[in-house]
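J.: the sequence and its predicted three-dimensional model are supplied below.
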Amino acid sequence: MSTPAAGTAEPSGSAAVAAGPTATERLTSLMPVLALAVLVVALAAVDPDFLRRSSLMAVVDAAAPLAVLAAGATLVVLCGGIDLSIAALASLSSVLLALWLPGLDALAWPAVVAAAAVAGALQGAAHVFLRIPSFIVTLGGMSIFSSIALVVSGAATVPVDDDTSIRWGFTRVLGSVPSAAVVAVAVVAALALLVTLTPLDSAIKATGYSEAAARLAGVPVDLVKVGAFAVSGACAGLAAVLLVARTFSGGPTLADSLLLPAVAAIVVGGTAITGGHGGVWRTLVGALVVTLLRVGLSTVGVSAAYESILYGAIIVVAVALTLDRSKVLVVK
Amino acid sequence: MSAHPRAAVRPAPPVLEVRGLVKAYPGVRALDGVDLQVRRNEVLGLAGENGAGKSTLLKALVGLVRPDAGEIRVRGERVRLRSVQDAADHGIGMVFQEQSLVGNLTAAENIVLGSEGPGVRHGFYRWATMRRLAQEQLDKIGSTIDPLARTDSLTFAERQMVEIAKVLRIEQRTHDTPVVILDEPTSVLEPGEIETLFEQVRRLREFASVVFVSHRLDEVLDVCDRVYVLRGGRAVGEIRPAEAEPGRLHRMMIGSTAAEDHYHGGAATPVPPTREPLLTVRGLTGTTFRDVDLDVRAGEIVAVVGVHGSGREELCRALFGAVATSAGEVLLDGRKLALTGPRAACAAGVGYVPAERKIEGMVGPMSVADNMTLAKQGVRCAGPVVVPRRQAAVVDRWISRLSIRTPGRRTAIGRLSGGNQQKVVLARWLVGGDVRLLLLDHPTRGLDVGARSEVYRLMRELAGNGVATLLLADSLEEAIGMADRVVVMSDGRVTTEVPCPAGGKPSPLDLVKEMV
Amino acid sequence: GGGPEAGAGGSADTGTCDPADITLVGQVRNESNPYEASWLDGGDTFAASVGLQQQRLTYDGESTKQQEQIRQLLASGRTECMVLNVLPNGDSDTTPIVRAADAAGAYLVTQWNKPAQLQPRDYDRWISHITYDGVESGEQIAGSLFEAMGGSGGVIALQGVLDTAAAKDRFAGLEKALAANPGITLLDQQSANFSRAEALTVTETLLTKHGDQVTGIWAANDDMALGALQALEQAGRAGQVAVVGIDAVPDALTAIGESRMTATVSSDGPWQGGIGLAIGYCVATGELDMADVAAEQRAFYAEQFLITKDNVSEFQDPGTDPADFECANVFNRTAGPLA
Amino acid sequence: MSVGAAGPLITLVVVVVVFAALAPQFRTPGNIANILDAAAVLAVVTCGTTFVLLLGSIDLSAAGVMAASSLTVALLVENTRNGADHGLLGIVVAVLLGAALGGLSGLLLVLLRVPSFMTTLGVSAVGLGIATLLFAGVQPGVVDAGLRGWATGRFLGFTHLTWIAAACVLVGWVVQRHTRLGRYAMAIGGGEEVLALSGVRVAPYKVAVFTMAGAFYGLGAVMVTSQLGSGVVQAGADYSFSAITAAVVGGTLLVGGRGGVLHSTVGVLLLTVLANGLVLVGVSPYVQGGVQGLIVVVAVAAAAAPLRHRNQVVK
Ligand SMILES: Nc1ncnc2c1ncn2[C@@H]1O[C@H](COP(=O)(O)OP(=O)(O)OP(=O)(O)O)[C@@H](O)[C@H]1O
Ligand SMILES: Nc1ncnc2c1ncn2[C@@H]1O[C@H](COP(=O)(O)OP(=O)(O)OP(=O)(O)O)[C@@H](O)[C@H]1O
Ligand SMILES: [Mg+2]
Ligand SMILES: [Mg+2]
């Protein structure tokens, strides 16, 4: 038995002294919030009205569907994959919701969320069992969902005449808080709890960091992945509900443009695109940052061309700040 | 500070000299003022427990680790090594503990990688020249590998030859004898391959100085002219093999007397052959092994030996469901074991310790605790919910139980030394306390004497508790020492079975005859 | 949004804003296509004429982004005297925009897209919806196309983004014209999403598919028409096939001038950019009393002009006539109420 | 070629045969020339993307880079907006601008250590901004006869664009196979840390690869511009994703170090043949996208099937 050699590794006391995250690690995990704060201040400097309650609430409201959309996809990214189909799936879901509302009424939105979850799970299954890179499966999914949406909607936007059963997706609670924001926070909280309270966290992390090792440790890698894709799909469905609630109609291309913003939100939040490191709360912050850039810049009067340039520059800087490099071995 | 090195100084300045080198990591002083000298055309051995600081020291010598204090002198002059390039320019090169070749390039490209010289003209490869340059290196070490073969098509041993050939390129840079560093080169080689490696080392001595690290003390004493012993980041002594024997070396390493019986043979509890087998394999067939029959009784340790390509590794993986089988059946305790995948195996109480620790054994960035409870989430949960306190308790118990050297349970396992990582991986299957069959693929690879001895004791203990063990041993000695029975495999078939009761152990030579 | 304090009063309330307090906002998809760029420029010209500045907004053709922008804008407070001249991305986007603007009490004029059942007259601050009869324009260009083809031959149609009213109506117009001209056969119809590049490849493919049968190409906008022209040129069939489009973008006008292209229809982008602001401005300042705005003026087809070689010269340099934006004349181009 | 490389080729052949059987017009030499012409730009862009993928990185900047280069070239050669008439020089400048933007992505990657996914996304946005600035509301039409000739002129029945693309693929292959840049790109994808241990500084090579990719995008933009006859901000609209899809379908995996230019080119042809064939066969425009996506997935699955084994890591 190798007795502890004088003055090395054995820390004072016993191994039970857990070496927690260092100060710098804590700082990097706070970075997304800092970036958000800086951005708000900057915008307020240009246009003081931006700090009005109503303005900030509008940002929060705008960020909500994006946050929900990205939260689900975050799980897929944590598992080391990527889901490019979320936006198209959300568009399809919006069409289905608009079509089903008259018939199913209050059951319509749960039905849509369930359908979207199934669609996600199917992609997950294809990825896991056919061994196709998630990038490709979901890229294919993207175009397939778009086609289905075009066909079932007859390539037209489907108006929603009676939206009572989904109005909760676009009202104000406690005076001026957008209900959508509450939904987003609830979704993120639910996911966060589900992951952190159960062994899922280490299962997901292990899968993301080192799939081979995870498998040989008996982690149900395939199950975890399919699950992640299902959740991602469900979130896309829910995001669609929020969008329909505020657009009063569903459209076959309604949410398509949210794909890259969603991915950006995930990465800006500090989740490693390579998998393993990150979390859903971070994505919530990321969504706010991205929304500020998407909407804030233009409304404070930045012209189209410079808006685009600034967006590009700031998004990169934001990631540079939020990325915790100690957790990412090589940056590709 | 030990006075040994200075006492032994000779008139001609040593090729390489290290003075008071210090390197501290969070919670660890990896190097704590090391002194050492490497002389011309000598093979210098480094021995020490896991975490003693060997790799760190060597990395400092090739510019991969920046020392916090101390100095490095090459041929008398003080140098600051910022990169592998720097080190190479000073004639120092290293073969790493984990292999460092690019699989999708040719051997030739790997050998000249980073120092192509005439092999590249105006950015264009001149394959003919490349080939020649590489061939020169390979000839030096008398290797017959085709330089244009894709590296990932070579065997492990061949790849190591390529690595040595690659390191020897540093000769071109310096006009004095180069220093070639080998960190645990033998830990992954078969007995036959080790012999050829030793020939290489002796050949190298003709024109280079060699620093050699191994946990197999007999090896160290066999090839080295001098041996430094590292402990706790310090050089605690120097030994001349002539006047030494493993026992003494070991004592110096751990600073206490070595366990008399390395393999704890005494603790072995003979298993009555009448007892029903726990694991029964019948006509199992995979891609590299054919109709294998095998029995392992509860409490029995069965070692499978065989050279590369004997198919024993894949057989081991197959039993865990990690590779597909085409025929045959496996019974665990009379019930059929579905070989659908690792999950099924785990559920049935089978545990597997893979040989490729870094890639398959551990999840580098995850904490020691999470790695340890990865397979048996139950131990840290109440119902479906994780209870951090439970995890802490279990993990800490096993950390001290196996005396795993780590700053804490929340430290990333990647930061531990090779040996300590392996202990965590092994503990993964024990925390549950429900494992019935252990498949150990080179479980002591890269472990120091003490750690190994500890692992052996554990295996005995588990066997005592009725756990059946299938062992792919690191060496024949280990196989014979530990096993109740040794099964010999060669090209995919079980050829013979040799009983090794506590009393009448066979000699390695008997086995070697069977293997080839 | 700004909250219910806005939009006091019964239907269609006239404002009492001091011209200096008015904020003018023009919103289009992007500044990277000539038609919408000229629209915003028209807005600037009007703004300048009343000593104000127009805030130029673009949303890259992203429905979600457009709505977010509008809400953000309306949340900024000063909405009482805000005038919005908006090009909704699609029919579906009009509803949320209208509701938001009305709730915040900002004056709104929308153009091109709106769902049929949504009516300005049901809102206080949504003054007008201006659009163009897509069926008519689609039919008009088809007419001159068939004429150029000499009344017989094969046509291929390049559709716009499939889920827009514009694309549908214009195609309906083509079908109407086809019904009237039995000599013409529709060989094929594909969507090229209003994009020049897509039109190029699609046309190339269709040309090989139908070969010399193709004697005319009907495109739902000029960008696609220009793409088709390129395809013809590359197939060495330039001049042998008549091409028509809609929007009157400069390149198309040049092409018509050089009689490489047959016809297009102008909706007069600069005017669109100015008129929306003008109407809003007049109402906000009270110069135009909502009581005087007739029901059919709150949702109307504006005049559009068929451009062929004969009259192309008049449209070569896009500009606006200040007279059009006098509060008395803002409805002069009304071509009839929305069907 | 390995099995992974043969799969897509087989798929391509199958698809071609099927379409040839279904649509007689598909077989015509004219259509073959068409397909190759339609594939030209994507082929050039994919050449660039392939090298980035070999690194194990990803590149989404094509859209923005091409937009900027397209307007640059349109404004520098003889055009309808300004007096400029720099001919070839203009083209060179446009390509260099592409290279510069590509290099920027690379620099941000190695200096800020931001994943290429984001740096390229950012650079794309910047490129679009630049393009919008240059566009300034008036489309610059290309008058320069030489540049227009790229798209219209033919040699041995194929457009000049087709030949340019062929040349690019050849150059790409030589670079990948016989230059240090290419081999190191392979090596970085195969094991970046190993190069560091061998004393190779990978950063410059990464930047170089991204720069080269940018140059390819720039050239692609010039080709688009000559096709469309004017500088267009949407010139690169969805080339980023098409190029990646093409490369992956062809067997250039996202993990890096696998495949190559030739593999990717097979992917390009597969996608183009699909687009062309589906129109000729008369599949409804609504479902064309879906069918394409489905076939792509199937193709990749088929290619992966022979290499499949348990415990294999697929990201
Ligand atoms: N990058 C690192 N970060 C933190 N601690 C480290 C790092 N590298 C090594 N250590 C610590 O430094 C000590 C020495 O490690 P080293 O790898 O040199 O030991 P070793 O003698 O090579 O052990 P082994 O024989 O198992 O390889 C160990 O306690 C290890 O945990
Ligand atoms: N001209 C050459 N002469 C000798 N070896 C070469 C030459 N070109 C490439 N090689 C080596 O041959 C090996 C195979 O080439 P490469 O890496 O391009 O894969 P490949 O031959 O295309 O096979 P795959 O089908 O997997 O792509 C490579 O490792 C490369 O180093
Ligand atoms: Mg070591
Ligand atoms: Mg290749």
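T.: Yes, it's here. Ligands and ions are numbered 1, 2, ... in the order given.
J.: quote the end-to-end distance of stretch B:78-88.
T.: Counting by CA to CA, to the nearest Å, you get 15 Å between the two ends of stretch B:78-88.
J.: tell me who's in contact with residue 144.
T.: Just going to use chain A. By CB atoms under 8 Å, 6 or more residues apart in numbering or on different chains, residue A:144 lies in contact with D:289-290, D:293-294. Glycine gets a C-beta too; all of them are placed from N, C-alpha and C.
J.: hmm, I had chain D in mind actually
T.: D:77-79, D:85, D:87, D:90.
J.: which parts of the stretch 201-315 of chain D are helices?
T.: Under the criterion DSSP state H, counting those that start in this stretch, the stretch 201-315 of chain D contains helices at D:202-228, D:239-250, D:261-281, D:285-304.
J.: take those and write them to JSON lines, including mean pLDDT and distance to residue B:183.
T.: Formatted as JSON lines, those follow (pLDDT from 0 to 100; distance: least, CB to CB, whole Å):
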{"stretch": "helix D:202-228", "mean pLDDT": "96", "distance to residue B:183": "23"}
{"stretch": "helix D:239-250", "mean pLDDT": "90", "distance to residue B:183": "38"}
{"stretch": "helix D:261-281", "mean pLDDT": "93", "distance to residue B:183": "37"}
{"stretch": "helix D:285-304", "mean pLDDT": "81", "distance to residue B:183": "37"}
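J.: phi, psi for the residue in the stretch 101-250 of chain B that chain A sits nearest to please.
T.: Relative to chain A, the nearest point of the stretch 101-250 of chain B is residue B:232 (3.6 Å; CB to the nearest CB). With angles defined as degrees, to the nearest 10, residue B:232 sits at phi 50, psi 40.
J.: with the one 10 residues further on instead?
T.: Main-chain dihedrals, residue B:242, degrees, to the nearest 10: phi -50, psi -50.
J.: one more: residue C:24?
T.: Torsion angles, degrees, to the nearest 10, at residue C:24: phi -110, psi 130.
J.: quick check, it in contact with residue C:43.
T.: Yes: contact status for residue C:24 versus residue C:43: in contact at 7.1 Å, counting by CB atoms under 8 Å.
J.: out of the two, which sits in the busier spot?
T.: Using other CB atoms under 10 Å in any protein chain shown as the criterion, residue C:24 and residue C:43 rank with residue C:43 on top: 29 against 26.
J.: most neighbours among the contacts of residue D:144, please name it.
T.: Neighbour counts for those (other CB under 10 Å) peak at residue D:77, which has 29 neighbours.
J.: ramachandran coordinates for that residue?
T.: Torsion angles at residue D:77 (phi, psi; degrees, to the nearest 10) stand at phi -80, psi 170.
J.: quick check: pLDDT value at the residue of the stretch 101-250 of chain B closest to chain A.
T.: For residue B:232, the model assigns a pLDDT of 83.
J.: in the stretch 51-200 of chain D, which residue sits nearest ligand 1?
T.: Nearest residue of the stretch 51-200 of chain D to ligand 1: residue D:193, at 13.4 Å (CB to the nearest ligand atom).
J.: which SS state does that residue fall under?
T.: Put simply, residue D:193 is helix when judged by DSSP: H, G, I helix; E, B strand; the rest coil.
J.: now do it against chain C, distance only.
T.: 40 Å (CB to the nearest CB, to the nearest Å).
J.: the residue lying closest to residue D:126 once chain neighbours are set aside: which element?
T.: Residue nearest to residue D:126 in three dimensions, not counting chain neighbours: residue A:312, with 4.0 Å by CB to CB, 6 or more residues apart in numbering or on different chains. Using DSSP states H and E, residue A:312 maps to helix A:304-322.
J.: show me which positions of that helix end up buried.
T.: Neighbour counts over helix A:304-322 (16 or more other CB atoms under 10 Å in any protein chain shown) mark A:304-305, A:307-322 as buried.
J.: pLDDT on it, on average?
T.: On average, helix A:304-322 scores 90.
J.: which strands and helices lie in contact with that helix?
T.: For helix A:304-322, the packing partners by 3 or more CB pairs under 8 Å, 6 or more residues apart in numbering or on different chains; DSSP states H and E come out as helix A:23-46, helix A:259-268, helix A:280-291, helix A:297-299, helix D:88-112, helix D:116-135.
J.: save those as TSV, and put in distance to residue B:422 and mean pLDDT too.
T.: TSV is the format used below for those (distance: least, CB to CB, whole Å; pLDDT from 0 to 100):
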stretch	distance to residue B:422	mean pLDDT
helix A:23-46	26	87
helix A:259-268	35	93
helix A:280-291	34	95
helix A:297-299	53	87
helix D:88-112	35	96
helix D:116-135	35	94
